[in-house]
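1. sequence first, predicted coordinates after that:
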Amino acid sequence: MSEVGILVNPAAARDVRRLISGATSVPLSERSARVQRVLTGLGAIGVARVWMMFDRAGIAGGLVQASKRATGWPEICFLDMPVEGESFDTQRAVRCMREVGVKCVVVLGGDGTHRLVSHECGSLPLVCLSTGTNNAFPKFQEETVAGLVAGAVANSLVDSQIVCQRNKRLRCFVDGEEMIAALVDICVAREPWVGTRALWRPENFAMLYLTFAEPGAIGLSSIGSLVTPVSREAEVGISIKFGPGRRVDAPIAPGLMRQVEIADVDPLILGERVRVPAMIGTLALDGEKEVTLRADQCVEIELGQDGPRSVNVALAMAVIAQRGVLSDGPWDSAQEAV
């Protein structure tokens, strides 16, 4: 009996950047509707049971009521864990999902949510759905299709070795103590406070480290994409030093364009630990400030290729078509798509 985890961040897409940019809020009703579409896809491909965290925002309760009217959904079960409304709830939920034996996890959130999930998921395949503010890591996917793909992975209808990609990550060490790795970016800012955690004043940016910077990106990775585009698959990252030099106008948040000055751009080499210039400021991982820095602290960053395994939804659907999983047999015309 196949089982899948669904992790939805009820607080995603609700931070302070909505006050200073054009980013939209995603109401709880829409989050619930998105999860319902995932459940429809999972049920259609034969997933028997889904595990979720019982959130305080009301998403889980709404799903219980909706399940009474729905047909074809998998059984919805809730993890036996305390929920305190803090970020570590996400990490605890992923650990619990691994303990109950899920074969795949559907994650609905932004870069920050996926960062926390990746810290605990190990080699568990992730289907990543974007619902946050600055979403460089998760892509926009239709939820029914995402549910089909997650179910196909969980039921071994597609080979996870073929449809999954091992992502890069940025390991960060402060005075030798390792933090939760970033999936997209680490920014050092000359702001000696964490505050609301969001970054939107590029005049205070000092250094930026990126795992990838794809054209069309939003957020801090958009800066790198306009200077030196780097793909998710490339065995290299980017290091950007801000200061007097060339100017770039970048979309650092939805509806928010800012000009940045770039003094230097260098490659980040896999496995090579880089020391960050000492300064008073803050360290932001995947767009959110985490810790304040003293001038006497040692900060080091290392690019690795041991990040989470994410499912390529389009490729997985091509394999599903090739094998005739959703039809009465394989289609010869679908062979070329894989």
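-> Good, I have the coordinates.
2. what about the closest residue to Asn9 other than its chain neighbours, neighbour count?
-> Of all residues not flanking Asn9 in the chain, Gly109 sits nearest, at 3.7 Å (Cβ to Cβ, 6 or more residues apart in numbering). (Each C-beta comes from the backbone N, C-alpha and C, glycine too.) The local packing of Gly109 (other Cβ atoms under 10 Å) involves 27 other residues.
3. where do the strands sit along the stretch 201-338 of the chain?
-> Per DSSP state E, counting those that start in this stretch, the stretch 201-338 of the chain carries strands over the ranges 205-210, 236-253, 256-269, 273-275, 281-285, 288-293, 299-304, 309-311.
4. as JSON lines, those strands with distance to Thr90 would be great.
-> Compiled in JSON lines, those are given as follows (distance: least, Cβ to Cβ, whole Å):
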{"stretch": "strand 205-210", "distance to Thr90": "23"}
{"stretch": "strand 236-253", "distance to Thr90": "22"}
{"stretch": "strand 256-269", "distance to Thr90": "26"}
{"stretch": "strand 273-275", "distance to Thr90": "28"}
{"stretch": "strand 281-285", "distance to Thr90": "14"}
{"stretch": "strand 288-293", "distance to Thr90": "13"}
{"stretch": "strand 299-304", "distance to Thr90": "21"}
{"stretch": "strand 309-311", "distance to Thr90": "17"}
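5. let me know which of those is the nearest to Thr113.
-> Proximity to Thr113 (Cβ to Cβ) singles out strand 288-293 among the strands of the stretch 201-338 of the chain, at 10.5 Å.
6. now the angle between strand 281-285 and the closest one, please.
-> 150 degrees (axes from the mean of the first three to the mean of the last three Cα atoms, to 10 degrees).
7. picking up where we left off before, and the strands of the stretch 201-338 of the chain as JSON lines, adding mean pLDDT, distance to Leu79 and mean neighbour count?
-> Output for the strands of the stretch 201-338 of the chain, formatted as JSON lines (pLDDT from 0 to 100; distance: least, Cβ to Cβ, whole Å; neighbours: other Cβ atoms under 10 Å):
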{"stretch": "strand 205-210", "mean pLDDT": "98", "distance to Leu79": "34", "mean neighbour count": "24"}
{"stretch": "strand 236-253", "mean pLDDT": "96", "distance to Leu79": "33", "mean neighbour count": "18"}
{"stretch": "strand 256-269", "mean pLDDT": "96", "distance to Leu79": "36", "mean neighbour count": "15"}
{"stretch": "strand 273-275", "mean pLDDT": "97", "distance to Leu79": "36", "mean neighbour count": "13"}
{"stretch": "strand 281-285", "mean pLDDT": "96", "distance to Leu79": "26", "mean neighbour count": "24"}
{"stretch": "strand 288-293", "mean pLDDT": "93", "distance to Leu79": "25", "mean neighbour count": "18"}
{"stretch": "strand 299-304", "mean pLDDT": "98", "distance to Leu79": "29", "mean neighbour count": "20"}
{"stretch": "strand 309-311", "mean pLDDT": "98", "distance to Leu79": "21", "mean neighbour count": "23"}
